[in-house]
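Asker: Please find the sequence and the predicted model below.
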Amino acid sequence: MSDRGYRRPRPLSPLREHLRDTFWFAPTMGFVSVFVLWFVATELDDAIVRLLQREEAYEELGDLIGFSQDTRTVVTAVSSAMMTFIGVVFSISLVAVQMASGQLTPRVVRIFVRSRISKLTMTVFLATFLVSLLVLSSYESATLRLMQVGPVVDRIARDSFRVLGRMPRAGGAQGDDEAGPETARLVYEGRAGVLRDVNTARLVRAARRQGVVLRVIPRIGDFVVPGTPMLAVHGGAVEPRLRLRSAVSVSVERTLHQDLAFGLRQLADIALRALSTSVNDPTTAVQCLDRIVQILAVVVRLPLGKVHHRDRAGRVRLVQEGPEWADLVDLAFEEIRWCVAGSPQVTRRLMAGLGDLLLLAPEERQQPLVRHRELLVQTVERAVPVAADRAFALLPDRQGIG
C-alpha cells in the first residue's frame, strides 16, 4: 500500500490528555486573557484621554465620559444577571448529564467533561462576568478617589503646572510702546459664555495683514456677552467687516486650558467649603494651602502680566492681559484669610506658607505677601482675646497642628 496521503497519528501527550479531562483549564485561560485584555484596554483608554486633553478636545472628552456613564448602566445589568444565568444553565446541564449517566452509563460524564462546546460556553460566561466586575471595580475605584481630598487637590495642582508649562511668558514695557494708541474696537458677536481660549496664531496673522496691533480686552475666565468689546485695535484701522469670532472660544464654565488662575480658584473654593460652619474640616483646608503654596512657589519668579505675541518679523501684533503676581496672591489667600479666625490649624499653616513664599520671592514681589501676613495677624488679634492663644495661632507650622 502506498504511503502517499497517509498521515502518521500524533503521539499521545499525557499533559494534553490531562487538560482535556479537566474542566478548569479553559476558564482559567479565559480569565488570564481577560486580565491581559483589560490591561491593554485601560492603557489605551488613558492614552486617548491624555490625547484629548492635550488637543483641548473638551467636547469630545465630555461625550466620552457620558458614553462611559451609559456603559456602566449596561455593565451593571450584565454583571447582576450573569451569575444567575451561569447557575441556571449549568444546573440544567448537570441534571441532564446525571439523567444520561443513570439511563446509559456513568462513563458519559467523560463526554461532557471533554466537550469543547461545554468548556467554551463556561469560559465565555465566566469571562463576561469577570469583565463586568473589572469595569465596575475600576469605576468605583475612580469614584472613591474623587471623593478623597488628597488625589483631587493633587490633580488640580498637576493640571495647573501643565498649563503653566504651555503658557507664553509675559513681555516687558517695550511691547506696550510698539502697540501705539488705541484707534478702534471690535465687539464680540458669539454666544455668551466664559472665555476659555484665544487663538493667538490666527489673531497675529490677522493683525499682520491689517498692519495693526490687537489687544484682547477680557481676560481668560471672564464672562463675555454679545455686543461687548473683545479686541482693541492699536496703530491703525481695520476692515469694518473683519470677523474674528472663530479666533475666540467660550464655554459654559471655566477650564484650565489657558487659565492658570482657575487652579487657584478651585483650591480656594475647596478650602472655603472646608472652613464653613456646616463642614468644619480645617485639615482639608490645610491640604489645599499646601498646593496653593506649591503653585505660588513656582510662579513667584516667573514674568506675569501682559503677554506680547510677535509675528515672524519680531513685531508685536497681539497683546493679551494675564494675571499679575498680586492678583494670584489675593486669589490664593484673601477669602481663606477671612474664614480662619477660629481655626489655629489653618492660621499656623498660613503663616508658614507666607513665610516660605517671602523667602522665595524677589523684593519687588514681597509686598502682597507682607500685606496678607499683617492682615492675618490683625484678624487673629481681633478674634482671639487670650494672648497665649494668639501666640499659638500665629506660630508658623507647615502641618498646622501636626
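Answerer: Alright, I've got the coordinates.
Asker: how about the helices in the stretch 101-250 of the chain?
Answerer: 108-114, 116-146, 149-166, 173-179, 200-210 (DSSP state H, counting those that start in this stretch).
Asker: Those helices: lowest mean pLDDT?
Answerer: Of all the helices of the stretch 101-250 of the chain, mean pLDDT reaches its minimum on helix 173-179 (a mean of 55).
Asker: Would you state the strands of the stretch 251-400 of the chain in chain order?
Answerer: Here the stretch 251-400 of the chain has its strands, by DSSP state E, counting those that start in this stretch, at 307-310, 316-320.
Asker: and those strands as a markdown table, adding mean neighbour count, distance to T73 and mean pLDDT?
Answerer: Glycine gets a C-beta too; all of them are placed from N, C-alpha and C. Formatted as a markdown table, these follow (neighbours: other C-beta atoms under 10 Å; distance: least, C-beta to C-beta, whole Å; pLDDT from 0 to 100):
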| stretch | mean neighbour count | distance to T73 | mean pLDDT |
| --- | --- | --- | --- |
| strand 307-310 | 19 | 45 | 90 |
| strand 316-320 | 24 | 44 | 90 |
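Asker: Take those and lay them out in JSON lines including distance to P151.
Answerer: Listed next are these as JSON lines, based on distance: least, C-beta to C-beta, whole Å:
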{"stretch": "strand 307-310", "distance to P151": "32"}
{"stretch": "strand 316-320", "distance to P151": "33"}
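Asker: how distant is stretch 26-39 from the center of its chain?
Answerer: Relative to its parent chain, stretch 26-39 has a centroid offset of 30 Å by C-alpha atoms, centre = their mean, to the nearest Å.
Asker: buried ones in that stretch?
Answerer: Across stretch 26-39, burial judged by 16 or more other C-beta atoms under 10 Å covers A26, P27, G30, V34.
Asker: Stretch 276-294 now?
Answerer: For stretch 276-294, the neighbour count (16+ other C-beta under 10 Å) marks 281-294 as buried.
Asker: Which pair of the residues you listed spans the longest distance?
Answerer: Within the buried residues of stretch 276-294, two members stand farthest from each other by C-beta to C-beta: D281 and Q294, at 20.1 Å.
Asker: Mind listing the residues bridging to S249?
Answerer: D197 (DSSP bridges).
Asker: Identify the residues contacting it.
Answerer: S249 makes contact with L195, R196, D197, V198, N199, according to C-beta atoms under 8 Å, 6 or more residues apart in numbering.
Asker: Which single one of the residues you listed is nearest to V153?
Answerer: The closest of the contacts of S249 to V153 turns out to be R196 (C-beta to C-beta; 22.1 Å).
Asker: My guess is that closest one contacts D259. True?
Answerer: Yes - between R196 and D259 a contact is recorded at 7.0 Å, counting by C-beta atoms under 8 Å.
Asker: joint contacts of these two?
Answerer: I220, G221.
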